[in-house]
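A.B. asks: My questions are about this predicted structure, shown below with the sequence.
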Amino acid sequence: MNIFEATSNWLALIWQDWSTLIRIGLILIGAIILRALLLVSVKKVVKGIVSGAKNKSASSGALAQARLVQRARTMGSVLGNLITWTVYTIAITMILSELGVAVGALIAGAGIIGAALGFGAQNLVRDLLSGLFIVLEDQYGVGDKVDLGEASGVVENVGLRVTQLRDSKGTLWYVRNGEILRVGNSSHKLAETKTKK
């Protein structure tokens, strides 16, 4: 028996004894590498948008630049979270399948639990979707003077779930995005009249 045959026999024995563990390790390594590559690509896109906004700042104004940067970073954060959850969920499903767990039954059970949680977390989902559309539609941004119904003032932060604004008395208001039914933006009005003149 030569060294090549001995090595191949040894590898066959290792694969026979540790094949499940090796496949699980490969799934984990693949998930980590895939997630890292996707996150790097999202960061490059966001960085490109931010640098493009900085190059256009002389022609479009600082406020428009700040809004574009904020929207790009918010969307980058949302995409990053979506990528992480998707890759890890698929990896966990594949690992459970390697361990011999009936994944189909788990997915059906998770669907039922997900539906129950969805009914319970309707307000949270509504807040997140409303925040996403506020950012995408550029309804208001940091520094805008807005009237959100219950609270009015200058916007200090726009998140996916909550908008923070400070009123004329100095109180910082946290307004859930799903509760915002109307937006009055005095800053948009001022910017539009200045451009018309």
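C.D. replies: Cool, the structure landed.
A.B. asks: Grab the most central residue of this structure for me.
C.D. replies: Central residue of the chain (CA atoms, centre = their mean): V78, 1.4 Å from the mean position.
A.B. asks: Which of the helices or strands spans it?
C.D. replies: Applying DSSP states H and E as the criterion places V78 in helix 62-98.
A.B. asks: V146 now?
C.D. replies: Under the criterion of DSSP H and E, V146 resides in strand 145-147.
A.B. asks: Which other helices and strands does that strand contact?
C.D. replies: On a contact count with 3 or more CB pairs under 8 Å, 6 or more residues apart in numbering; DSSP states H and E, strand 145-147 meets strand 152-158, strand 184-185, helix 186-196. C-beta: built from backbone N, CA, C; applies to glycine.
A.B. asks: which residues sit against it?
C.D. replies: For strand 145-147, contacts defined as CB atoms under 8 Å, 6 or more residues apart in numbering pick out Y140, S152, G153, V154, V155, L165, V183, G184, N185, S186, S187.
A.B. asks: pretty sure the first one belongs to a helix, no?
C.D. replies: This points to Y140. No - assigned with DSSP: H, G, I helix; E, B strand; the rest coil, Y140 falls outside any helix and is coil.
A.B. asks: contacting residues for it?
C.D. replies: Y140 makes contact with I134, V146, V155, V158, T163, V183, N185, S187, H188 under the criterion CB under 8 Å, 6+ apart.
A.B. asks: ok, it to Q65 distance?
C.D. replies: From Y140 across to Q65, the span is 16 Å (CB to CB, to the nearest Å).
A.B. asks: again, but for the third one
C.D. replies: Relative to Q65, G153 is positioned 23 Å away (criterion: CB to CB).
A.B. asks: Same check on the last one?
C.D. replies: Computed as CB to CB, the S187 to Q65 distance reads 15 Å.
A.B. asks: Count the neighbours of R23 for me.
C.D. replies: The tally of other residues near R23 (other CB atoms under 10 Å) stands at 15.
A.B. asks: For it, pull up the helix or strand it's in.
C.D. replies: Here R23, judged by DSSP H and E, is contained in helix 3-55.
A.B. asks: what angle separates that helix from helix 62-98?
C.D. replies: Counting by axes from the mean of the first three to the mean of the last three CA atoms, to 10 degrees, helix 3-55 lies at 160 degrees to helix 62-98.
A.B. asks: Which strands and helices lie in contact with helix 3-55?
C.D. replies: With contacts taken as 3+ CB pairs under 8 Å, 6+ apart, helix 3-55 sits against helix 62-98.
A.B. asks: Return the distance of the helix it packs on from the chain's centre.
C.D. replies: Mean-position distance between helix 62-98 and its chain equals 4 Å (CA atoms, centre = their mean, to the nearest Å).
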